[in-house]
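In: mind folding the following:
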Amino acid sequence: MADELMGVGASAFIAPTPDQLRHQWLSVLERQHPSAGKRQVNLVPCEVVLSHRASLLMDHRKYGSGSAHRAEFPVQHLARLFKRPPTSILAKMANLDGTRSNGGRFELEVAARLGDVEMLQGVYLRILDMARALGIDPDELPDFLGIEGTSLIELEGQYELDSSEIERSLESKLEKWERERTDVPIETTERLLVAAVRVGQHRFAQRVLNNHQHKCVFCGLSGIIGGKRRPRMLLASHIKPWRDSTDRERVDHTNGFTACPTHDIAFDTGLITVDQDLSLRYAPGIEDDMTVSPPLRRALGKPPLHDRLILAESSVRPDVSYLTWHQEEIFVAG
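Out: Next up, the predicted model:
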């Protein structure tokens, strides 16, 4: 009967009724911290979904059992609210992306289906609405996706991904999953792996934007206008493109620049490059063309470009290896 009150099957996670959500949260609120050596109760569906959504902000693979207490926001908040150790939240995140193979029966299907942004937004907001109705305030459960009552979820950096390139990059991983995870339907596996790529790109873009304080590194344009962040005013792109990068390079924020659309395209197409000392350099012919083309001068002249990359003191510099790659492979040198 208790299971039925909380919901049964995948729908308990992705399409819970208000009554089911109420019972899920009440079970969390009534829970006591387990005694030493006593097994924890299983996570209820709303806990699973919130743990899954935390992956948009942080990578669980960075932490082990000895470092879980240092895991980034919102892991510690969720652990306190759920009356669980941080290792429990990180383990659930690993179950949900297939890193570990001992998750709950419906969890991989749920994780795959929550790759749909509209679906994940809807269930996330319903979970938060019920939590607020039961007295769980933002201090206990922050709106860590920042969409409560105002905005829509928008995954960062997705414009840089091409579906065919994603498919090619996942071929070997799909073959490995087919050999090792025969319990998972191939359709679920494909959706999971594609979702993992998109989440990884989102986290990469967030780190790049934060590293450059949401300003174009070429001209200084801020993406915060009129007191609000305007996402399409700035792009977070790879220096060495995603399609040419290894898995590690794809999530390395020192392989990224924040740029306004004009200067992002100029860099991506090799009209400008950045030297090791962070000075900007034009492709041959650009400066001559600017003398006869006022629009080009207004777009690529100095100003608006600066002589050197614009970085705050706290910003991590781009890795030289990526700058060298761009000069050798992308820059229109002659």
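In: quick one: secondary structure of the residue lying closest to Ile147 once chain neighbours are set aside?
Out: What sits nearest to Ile147 in space, not counting adjacent residues and going by Cβ to Cβ, 6 or more residues apart in numbering, is Ile153, at 5.7 Å. All C-beta atoms are positioned from the backbone trio N, CA, C, and that covers glycine. What DSSP: H, G, I helix; E, B strand; the rest coil gives for Ile153 is coil.
In: so Ile153 is in contact with Leu145, correct?
Out: Yes - if you go by Cβ atoms under 8 Å, Ile153 and Leu145 touch, sitting 6.0 Å apart.
In: what do those two both touch?
Out: The contact sets of Ile153 and Leu145 overlap at Tyr124 (Cβ atoms under 8 Å, 6 or more residues apart in numbering).
In: how near is the residue nearest to Ile147 to Lys240?
Out: Going from Ile153 to Lys240 by Cβ to Cβ, to the nearest Å gives 28 Å.
In: of those two, give the one with the bigger neighbour count.
Out: Lys240 (22 against 17; other Cβ atoms under 10 Å).
In: make sure the more buried one is indeed in a helix.
Out: No - looking at Lys240 with three-state DSSP, it is coil, so not inside a helix.
In: can you list the weak-confidence ranges in the chain?
Out: 1-7, 37, 101-105, 334 (pLDDT under 70).
In: the helix ranked longest in it - contacts with which helices or strands?
Out: Ranked by residue count and defined by DSSP state H, the top helix of the chain is helix 186-211. Here helix 186-211 touches helix 107-113, helix 163-180, strand 235-238, helix 247-250, strand 256-259, going by 3 or more Cβ pairs under 8 Å, 6 or more residues apart in numbering; DSSP states H and E.
In: how about the contacts made by Met58?
Out: 71-73, 75, 203.
In: please repeat the previous calculation with a cut-off of 7 Å.
Out: Residues in contact with Met58 (Cβ atoms under 7 Å, 6 or more residues apart in numbering) are 71-72, 75.
In: most neighbours among the residues you listed, please name it.
Out: Highest neighbour count within the contacts of Met58: Val75, with 25 neighbours (other Cβ under 10 Å).
In: how about that residue, what does it touch?
Out: Contacts for Val75 (Cβ under 7 Å, 6+ apart) come out as 54, 58, 86, 89-90.
In: which one of the residues you listed is nearest to Gly115?
Out: Ala54 (15.3 Å; Cβ to Cβ).
In: could I get the phi/psi values of the closest one?
Out: Ala54 adopts backbone torsions of phi -60, psi -20, taken as degrees, to the nearest 10.
In: count the residues that sit near it.
Out: 24.
In: how close does the nearest residue to Leu170 once chain neighbours are set aside get to Glu175?
Out: With Cβ to Cβ, 6+ apart as the criterion, Leu170 has its nearest non-adjacent residue at 4.9 Å, and that residue is Leu193. Going from Leu193 to Glu175 by Cβ to Cβ gives 11 Å.
In: then Arg191?
Out: In terms of Cβ to Cβ, Arg191 sits 16 Å off from Glu175.
In: go on, Ile89?
Out: Relative to Glu175, and taking Cβ to Cβ, Ile89 is found at 31 Å.
In: hmm, Leu108 is touching Arg100, no?
Out: No - in this structure Leu108 lies outside contact range of Arg100 using Cβ atoms under 7 Å: 10.8 Å.
In: mind checking which of those two has more residues around it?
Out: Neighbours of Leu108 and Arg100, each counted by other Cβ under 10 Å, are more numerous for Leu108; the result is 24 against 12.
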